[in-house]
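Asks: Make a model of this:
(2 chains)
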Amino acid sequence: EDQVTQSPEALRLQEGESSSLNCSYTVSGLRGLFWYRQDPGKGPEFLFTLYSAGEEKEKERLKATLTKKESFLHITAPKPEDSATYLCAVKGGTSYGKLTFGQGTILTVHP
Amino acid sequence: EPEVTQTPSHQVTQMGQEVILRCVPISNHLYFYWYRQILGQKVEFLVSFYNNEISEKSEIFDDQFSVERPDGSNFTLKIRSTKLEDSAMYFCASMAQGGGVQFFGPGTRLTVL
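Replies: So this is what the prediction gives:
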């Protein structure tokens, strides 16, 4: 069974204070690791897909990296508008596209 | 930019009643999904649908649940006899053929009283 664990559960940062979110996973035949952003009461919004160890993707202040056991979402010089819950999900080799999600990390950026 | 839409945004129902949640996936997408998120918990997979049939379902998706693509644009989730524990946000998602990314709708908040 695919499993995803995210840490920390919550992270409070000052504006401009860089940090990283962790996503540890176990999966049979990784077919993709996905990062989504979720605002309160809204649906997950796609950020990145990573497919193989060593891969990196970047978008504005966010950078996602992938190893064989975990992924990191690095946030550089965050702004208050980056405050949200960040979700990590994996698609395993035995599924027809089912995503298995972690609990998420609630990020709060104070001005 | 194309997006997944869902209606209604909030549905309140009495225990034992039937509800139908509606979704319009992104045009030209061929893979469709339903997920749910109980307040404060993980997003959980319910069912995937491709070529007019269920391709995978979770243990949550029991005989009380069904999905349908009644026409070329809508994708529905029916709960036949709602229970208190069905209260959650229900998200629809769609994916293009050959593409790996699922795009999610805004969700329907279901409240069972």
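
Asks: quick one: buried residues of stretch A:45-63?
Replies: Going by neighbour count (16 or more other Cβ atoms under 10 Å in any protein chain shown), the buried part of stretch A:45-63 is A:47-50, A:62-63. Heads up, the C-betas are built off the backbone N, CA and C, glycines and all.

Asks: swap in stretch A:6-25?
Replies: A:6, A:11, A:13, A:21, A:23, A:25.

Asks: Residues touching it, excluding its own?
Replies: Outside stretch A:6-25, the residues within contact range by Cβ atoms under 8 Å, 6 or more residues apart in numbering or on different chains are A:2-5, A:33, A:35, A:69-80, A:86-88, A:90, A:102-111.

Asks: Under the pLDDT cut-off, which ranges of the chain? List them.
Replies: Unless you meant another one, I'm taking chain A. Chain A contains residues with pLDDT under 70 at A:94-95.

Asks: Chain B, not that one
Replies: Using pLDDT under 70, chain B drops low at B:98-99.

Asks: right, is stretch A:75-89 up against chain B?
Replies: Yes: part of stretch A:75-89 sits near chain B under the criterion Cβ under 8 Å from any Cβ of the partner chain, namely A:87, A:89.

Asks: send the alpha carbons of that stretch over as CSV?
Replies: What follows is stretch A:75-89, C-alpha atoms only, in CSV (Å, rounded to 0.1, in the frame of the first residue of the first chain):
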residue,chain,number,x,y,z
ILE,A,75,10.4,28.0,-0.3
THR,A,76,12.8,30.9,-0.9
ALA,A,77,12.0,34.4,0.6
PRO,A,78,8.3,33.6,1.1
LYS,A,79,5.6,36.2,1.1
PRO,A,80,2.3,36.2,3.0
GLU,A,81,0.4,35.1,-0.1
ASP,A,82,2.4,31.9,0.0
SER,A,83,0.4,31.0,3.1
ALA,A,84,-1.6,27.8,2.3
THR,A,85,-1.6,24.0,2.9
TYR,A,86,0.9,22.2,0.7
LEU,A,87,0.0,18.7,-0.2
CYS,A,88,2.2,15.9,-1.5
ALA,A,89,0.8,12.9,-3.4
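
Asks: buried set for it?
Replies: So, applying 16+ other Cβ under 10 Å, buried residues of stretch A:75-89: A:75, A:78, A:82-89.

Asks: Now, the buried residues of stretch A:45-63 that are in strands?
Replies: Of the buried residues of stretch A:45-63, the ones assigned to strands by DSSP state E are A:47-50, A:62-63.

Asks: Closest one of those to chain B?
Replies: Top of the list for closeness to chain B, among these and by Cβ to the nearest Cβ, is A:Thr49 at 5.8 Å.

Asks: Need the buried residues of stretch A:6-25 in CSV (columns: secondary structure and distance to B:Thr76).
Replies: Below are those laid out as CSV (DSSP: H, G, I helix; E, B strand; the rest coil; distance: Cβ to Cβ, whole Å):
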residue, secondary structure, distance to B:Thr76
A:Gln6, strand, 31
A:Leu11, strand, 38
A:Leu13, strand, 41
A:Leu21, strand, 35
A:Cys23, strand, 32
A:Tyr25, strand, 32
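
Asks: Quick check: the two most widely separated of these?
Replies: Spatially, the most separated pair among the buried residues of stretch A:6-25 is A:Leu13 and A:Tyr25, at 24.1 Å (Cβ to Cβ).

Asks: From B:Lys57, how far out is the nearest residue to A:Lys42 once chain neighbours are set aside?
Replies: Among residues not flanking A:Lys42 along the chain, B:Pro106 sits closest, at 5.9 Å (Cβ to Cβ, 6 or more residues apart in numbering or on different chains). Distance from B:Pro106 to B:Lys57, counting by Cβ to Cβ, to the nearest Å: 23 Å.
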